[in-house]
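Colleague: Predicted structure and sequence below. I'll ask about it afterward.
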Amino acid sequence: MTMPLPDDHPLGPPPDEQSWVRVAEELAAGFAATTDELDRTAQLPVANLEALHASGLDQATLPREFGGQALSYRTVGAVLRVISAADPSTACLWLMHIGAAEGLVQHSTPDVARYYADELVAGRRFANALSEPTGGNQFLSPQQVAEPVDGGFRLTGAKRFVSGCEIAHHFLINALVDGQPTLFGLEPDHTVTFDPQDTLGLRATRSHLVSLNGTLLRADRRCPPAQHPKPNHIAAGLAALSLGVADTALNTLIDYARTRTLPSTGQPLAAEQHLQFEVADAVLQLEAATLVAQHTAWLADQNSPQFLPAAMRAKPTANRVARDIAQLCLQVGGGSGFVATSPIQRIFRDAQTGWLMAHSVEFCLNHIGTEAMVPHRSDEPAA
């Protein structure tokens, strides 16, 4: 419902990448047909993920030196939004997949980076395993210590909400090594087990608790600090997930209001002025959140130091819009939207998920408020 950007708008996908958005639109039409059933059964959308890989999108996100097209963050965001509007679980899984793969390629030695890039091209699955049960939003500051052993480090602990863990061939994982947060690539073995967590929203991601029982983190899979760090697709793409949910909530709301006739007036619910005002407000909020997210993706493409502060704003802005419009959609749907067979209740549940995903909205608001309200010392850099 937001105003489309002209093809040459600097915040939109570059002209030579817009075909990838059309690829996503074609795939999304098929994904939408199974979304509610996959949610009901909490099944991984394996066929959807395979279709995304077969389309070439996985490989296209890789840097050019590894056979990819270095797709812009603006394009990846647009693709994610289209997919999320059709099936947000698929979009979330794909984001975590390319984010983990990108992290391993970016932070590994050249030979190991080539290995991970080749694995992505071959269709192997990647999962992001950073959050700890007691870590809250501090997923980049692990508390679990990996002890040195022959060949690497041994880790006993857990990572939570690891989307798609059951089909992952590779994890991007972290632990404390010599007191420092350290990233590793991990190929799961018999010491890695999954404890089901049936989440309220995005149920088809099957985001389980991953238990590590003396798991070896190989020394040759340890990630040295990146010499030229770039924004990660996950930080840049989380807002797009919520925007896609908001799109579907708004479209569902409008379709329902157009087809439901009020007995008292004989007119469709869409003719009610109070609802028109509320929908207008939702459209304006969604358009504003869209521009914030697109600007953030543009900053990521420039590798700007302002990217992280912008991402800290874009995520809660999109999360809030998705939750508010989903709430209005449920309100308009009434009792019929509250039954298990209605897509409205699924949209409502999915809209809550982005709010909770790290960094949570509360964490972001605390960070933004502190930056705004607490004066910096003259020797401290401004955010």
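Modeller: Nice, I can see it. Numbering: from 1, shown residues only.

Colleague: Now do stretch 8-25: distance from first to last residue.
Modeller: Between the opening and closing residues of stretch 8-25 we find a distance of 19 Å, counting by CA to CA, to the nearest Å.

Colleague: what's the model's confidence in it, averaged?
Modeller: With pLDDT averaged residue by residue, stretch 8-25 scores 96.

Colleague: now stretch 169-181
Modeller: Mean predicted lDDT for stretch 169-181 stands at 96.

Colleague: swap in stretch 229-245?
Modeller: Mean per-residue pLDDT for stretch 229-245: 95.

Colleague: ok, now stretch 283-294?
Modeller: Here stretch 283-294 scores 97 as its mean pLDDT.

Colleague: Tell me which stretches of the chain form strands.
Modeller: If you assign secondary structure with DSSP state E, the strands in the chain sit at 126-129, 147-149, 152-162, 170-177, 180-186, 192-195, 208-218, 222-223.

Colleague: Now do the third one: which elements does it pack against?
Modeller: For strand 152-162, the contact count by 3 or more CB pairs under 8 Å, 6 or more residues apart in numbering; DSSP states H and E identifies strand 126-129, strand 147-149, strand 170-177, strand 208-218 as packing neighbours. Glycine gets a C-beta too; all of them are placed from N, C-alpha and C.

Colleague: That one pairs with which strands, and in what direction?
Modeller: Using DSSP bridges, strand 152-162 pairs in its sheet with strand 147-149 (antiparallel), strand 208-218 (antiparallel).

Colleague: average model confidence for the shortest one?
Modeller: What that stands for is strand 147-149. Confidence for strand 147-149, expressed as mean pLDDT, is 97.

Colleague: Now that strand: buried residues?
Modeller: Residues of strand 147-149 classed as buried under the neighbour-count rule (16 or more other CB atoms under 10 Å) do not occur.

Colleague: nearest to residue 324, of the strands of the chain?
Modeller: Minimum separation from residue 324 across these (CB to CB) falls at strand 152-162, 23.7 Å.

Colleague: what does the closest one rub up against?
Modeller: Residues from elsewhere that reach strand 152-162 (CB atoms under 8 Å, 6 or more residues apart in numbering): 127-133, 144-148, 168, 171, 173, 175, 177, 184, 195, 197, 199, 207-222, 357.

Colleague: So which of the strands paired with strand 152-162 is the most surrounded?
Modeller: Compared across the strands paired with strand 152-162, strand 208-218 shows the largest average neighbour count, a mean of 19 (mean count of other CB atoms under 10 Å).

Colleague: now the angle from that one to strand 170-177?
Modeller: Regarding strand 208-218 and strand 170-177, their directions subtend 70 degrees when assessed with axes from the mean of the first three to the mean of the last three CA atoms, to 10 degrees.

Colleague: could you check the angle strand 180-186 makes with strand 208-218?
Modeller: Computed by the same axes, to 10 degrees, the angle separating strand 208-218 from strand 180-186 equals 90 degrees.

Colleague: send the alpha carbons of strand 208-218 over as CSV?
Modeller: C-alpha atoms of strand 208-218 as CSV (Å, rounded to 0.1, in the frame of the first residue of the first chain):
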residue,chain,number,x,y,z
HIS,A,208,14.6,-24.7,18.6
LEU,A,209,17.1,-24.7,21.4
VAL,A,210,20.4,-26.2,20.3
SER,A,211,22.3,-28.0,23.1
LEU,A,212,26.1,-28.4,22.8
ASN,A,213,27.5,-31.3,24.8
GLY,A,214,31.3,-31.1,24.7
THR,A,215,31.1,-30.0,21.1
LEU,A,216,34.4,-29.4,19.4
LEU,A,217,34.9,-26.0,17.8
ARG,A,218,37.7,-26.7,15.3
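
Colleague: what's the distance between it and the middle of its chain?
Modeller: Here the centre of mass of C-alpha atoms in strand 208-218, compared against the chain's by CA atoms, centre = their mean, to the nearest Å, lies 23 Å away.

Colleague: possible to save the helices and strands packed on strand 152-162 as JSON lines with distance to residue 114?
Modeller: Formatted as JSON lines, those follow (distance: least, CB to CB, whole Å):
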{"stretch": "strand 126-129", "distance to residue 114": "15"}
{"stretch": "strand 147-149", "distance to residue 114": "27"}
{"stretch": "strand 170-177", "distance to residue 114": "14"}
{"stretch": "strand 208-218", "distance to residue 114": "17"}
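
Colleague: Now do the contacts for residue 77.
Modeller: With CB under 8 Å, 6+ apart, residue 77 has these contacts: 236, 237, 239, 240, 293, 294, 297.

Colleague: ok, 6 Å please
Modeller: Contacts of residue 77 were listed using CB atoms under 6 Å, 6 or more residues apart in numbering, and they are 237, 240, 297.

Colleague: next one: residue 48
Modeller: For residue 48, the residues meeting the contact criterion (CB under 6 Å, 6+ apart) are 31, 90.

Colleague: confidence score at it?
Modeller: In the prediction, the pLDDT value recorded for residue 48 is 98.

Colleague: Please report the distance of the most centrally placed residue in the chain from residue 194.
Modeller: The centroid of the chain falls nearest to residue 238 when counting by CA atoms, centre = their mean (4.0 Å). Summarising the geometry, the distance separating residue 238 from residue 194, computed by CB to CB, to the nearest Å, is 23 Å.
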